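A.B. asks: fold the following, please.
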Amino acid sequence: MTEKNTLSSRFFSCLVAISMSLLILSSLFLFRFNNNSSIPTSVLKILVNSTSLCFESNDHRKPIEHHFHSYVTSPISTHQPSRTQVNEIDCENSYSSKSVSLKQDKTDACDPNSALLRVYMYDLPPEFHFGLLGWRGSPNQRWPNVSDPSQILPYPGGLNLQHSIEYWLTLDLLSSNTPNIVRPCSAIRVQNSSQADVIFVPFFSSLSYNRHSKINRKERVSINRFLQDKLVDFLKGRREWRQSGGKDHLIVAHHPNSMLAVRRKLGLAMFVLADFGRYPVEIANLGKDVIAPYKHMVKTVAARNSSTFEERPVLVYFQGAIYRKDGGAIRQELYYLLKDKKDVHFTFGTVQANGIKQAGRGMASSKFCLNIAGDTPSSNRLFDAISSHCVPVIISDDIELPFEDVLDYSEFCIFVRSSDAVKEGYLLNLLRGIGQERWTKMWERIKEIGHHFEYQHPSLPGDAVNMIWEAVSRKRSSLIRYNVHRKNRYRRSQLLLKDQSSLIL
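C.D. replies: Next comes the predicted model:
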């Protein structure tokens, strides 16, 4: 009798424990998906994330993984991806970050309470943004209707396109409030600045510089300078700017000469830049600003069509401007060192006369593509190489790289110091010493991370737009991971040289 009572007691205890567990889990999920929940969203995120979005059974099987594919897009893509392309969220992002891109419902606009980043965007007049593209809305209309693709004017092509970052970010914010546009809910536009984590300034500054920096005959100042001064007056008059001094404002100035006249006046804001080459450290630095990738110029190579090691006859590829000023003088030195070497393509090139198509074909048939400092430390050539699955060789000592706190570039790039690169035989000996096995590992990694550098509308999980929003969100956190990856830049190259030396001995 005592044994039966004991068994009954144990069974009852187990039943109560299981029931309580199910009740807690059910409550969490009900609260999580109920917009009227009285539990703060931040607390819910901690509770849900701590139990993990990927469940693992007691037999320690790997969680079910759903992979987002990178898509080949035209330079200006306004095609909405089919809903079958937008799967469940990756349990672990390809850059091994624990951040999760929240997915929008198929029909509803994103919920601000679930967003990684809540963004208030100033309703600037069209002359600051889409008006620069020639868009003209109805009276009092500030923004194009992004649910109607015919209203979205394409960004100008050619070299203008490489600095089009503000265009993609603005489109993404407008889409976040638009039902039936499927996109990640990383960043969501809010209508009240008091609810915002960041305040976005939608000025197409790079386009303004490229198109309107020259003074016409009847003008006292250029349109570009006029818009910069007008923007400063607007911001200085805003309560939001005065409260923070601009520290919570996000300004895109990706072209190295954009916002040139007013940088110091707006220097406390967070900038989205290509690099820090033309900025004093007190105005732009890694402590507060975000480095964004260029919009690559060449066509993206689909992973299934990417040439293997044996299918790439060219060892080293470079095509572009050779005679540069400042830190770019090294291009000329390397040109005379390499131009006549076997298996090396090193020549002058421009965007004219199918230059971009030629460069794309050349990179896609080369093992290594040189990314050499020019007038500034960075260029879109790095991202052209990545989209061509050509292993980048970075020769730019002062370069800053996008998302380096979550991406270890030494896994898919070769870093060479400028002082070493100009030594006779150094660069070619290094690259010829990289065998098929190691090159293939880097090539495979490029195919894994390539979608992080793709701009498109609507945005897709893990693409350049969402990586930028996540980078903005991370700016309030530590730089530890960034420093670790930065130290890895030259470490792998040095290890390779040691291995080669031991083989010779």
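A.B. asks: which stretches in the stretch 251-400 of the chain count as strands?
C.D. replies: Using DSSP state E, counting those that start in this stretch, the strands found in the stretch 251-400 of the chain span residues 270-273, 290-291, 314-320, 344-348, 366-372, 391-395.
A.B. asks: mind showing which ranges of the protein have poor pLDDT?
C.D. replies: Applying pLDDT under 70 to the chain flags residues 1-109, 325-328, 353, 476-483, 497-505.
A.B. asks: how about Y409: what's its closest non-neighbour residue?
C.D. replies: Sequence neighbours aside, L401 is the residue nearest to Y409 in space, at 5.6 Å (criterion: Cβ to Cβ, 6 or more residues apart in numbering). Just so you know, the C-beta spots here come from the backbone N, C-alpha and C atoms, and that holds for glycine as well.
A.B. asks: can you report how many residues lie near the one you found?
C.D. replies: 21 (other Cβ atoms under 10 Å).
A.B. asks: ok, now Y279?
C.D. replies: 17.
A.B. asks: tell me who's in contact with it.
C.D. replies: Shown in contact with Y279 (Cβ atoms under 8 Å, 6 or more residues apart in numbering): 263, 273.
A.B. asks: phi, psi for it please.
C.D. replies: Y279 adopts backbone torsions of phi -120, psi 140, taken as degrees, to the nearest 10.
A.B. asks: which one of the strands of the stretch 251-400 of the chain is the most hemmed in?
C.D. replies: Highest mean neighbour count of those: strand 366-372, a mean of 26 (counted as mean count of other Cβ atoms under 10 Å).
A.B. asks: remind me which helix or strand L430 belongs to.
C.D. replies: helix 426-432 (DSSP states H and E).
A.B. asks: that helix: what's the following helix or strand?
C.D. replies: Later in the chain than helix 426-432, the nearest helix or strand by DSSP H and E is helix 436-449.
A.B. asks: can you give me the helices in the stretch 401-505 of the chain?
C.D. replies: 418-421, 426-432, 436-449, 464-474, 480-487, 491-504 (DSSP state H, counting those that start in this stretch).
A.B. asks: the stretch 151-300 of the chain too?
C.D. replies: 165-175, 205-212, 223-236, 239-244.
A.B. asks: for P149, which of those helices is the nearest?
C.D. replies: Nearest to P149, of all these, is helix 165-175, at 11.1 Å by Cβ to Cβ.
A.B. asks: chain center to that closest one, what's the gap?
C.D. replies: Centroid separation for helix 165-175 versus its chain: 13 Å, with Cα atoms, centre = their mean, to the nearest Å.
A.B. asks: what is that helix packed up against?
C.D. replies: Applying 3 or more Cβ pairs under 8 Å, 6 or more residues apart in numbering; DSSP states H and E, one finds that helix 165-175 contacts strand 117-121, strand 187-190, strand 198-201, helix 205-212, strand 249-252, strand 270-273, helix 464-474.
A.B. asks: which parts of that helix are buried?
C.D. replies: For helix 165-175, a neighbour-count test (16 or more other Cβ atoms under 10 Å) marks 165-175 as buried.
A.B. asks: returning to what we had before: return the most buried member of the helices of the stretch 151-300 of the chain.
C.D. replies: Mean neighbours per residue, mean count of other Cβ under 10 Å, is largest over those for helix 165-175, with a mean of 25.
A.B. asks: quick revisit: contacting residues around the helix holding L430?
C.D. replies: When contacts are defined by Cβ under 8 Å, 6+ apart, helix 426-432 is touched by residues 315-316, 334, 337-338, 341, 344, 367-368, 393, 414, 416, 420-421, 493, 496-497, 500.
A.B. asks: residues contacting A196?
C.D. replies: Taking Cβ under 8 Å, 6+ apart, we find A196 in contact with 118-120, 190, 248.
A.B. asks: try R264
C.D. replies: Contacts of R264 (Cβ under 8 Å, 6+ apart): I283.
A.B. asks: just to revisit the earlier point, TSV for the strands of the stretch 251-400 of the chain, including distance to G355?
C.D. replies: Converted to TSV, these look like this (distance: least, Cβ to Cβ, whole Å):
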stretch	distance to G355
strand 270-273	26
strand 290-291	26
strand 314-320	8
strand 344-348	10
strand 366-372	15
strand 391-395	19
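A.B. asks: tell me the contacts of A115?
C.D. replies: A115 touches 102, 185-188, counting by Cβ under 8 Å, 6+ apart.
A.B. asks: neighbour count and distance to F271 for these - can I get that in TSV?
C.D. replies: Compiled in TSV, those are given as follows (neighbours: other Cβ atoms under 10 Å; distance: Cβ to Cβ, whole Å):
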residue	neighbour count	distance to F271
L102	16	26
C185	21	25
S186	29	20
A187	27	17
I188	25	22
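A.B. asks: and of these, the nearest to D289?
C.D. replies: Among the contacts of A115, and counting by Cβ to Cβ, the member closest to D289 is A187, at 17.2 Å.
A.B. asks: I'd like the distance between that closest one and L250.
C.D. replies: Distance, A187 to L250, by Cβ to Cβ, to the nearest Å: 10 Å.
A.B. asks: list the residues that contact both of those two?
C.D. replies: The contact sets of A187 and L250 overlap at 119, 472 (Cβ under 8 Å, 6+ apart).
A.B. asks: circling back to that earlier point, between the helices and strands packed on helix 165-175, which gets nearest to F309?
C.D. replies: So among the helices and strands packed on helix 165-175, helix 464-474 is nearest, using Cβ to Cβ, at 27.6 Å.
A.B. asks: that concludes my questions; thank you for your assistance.
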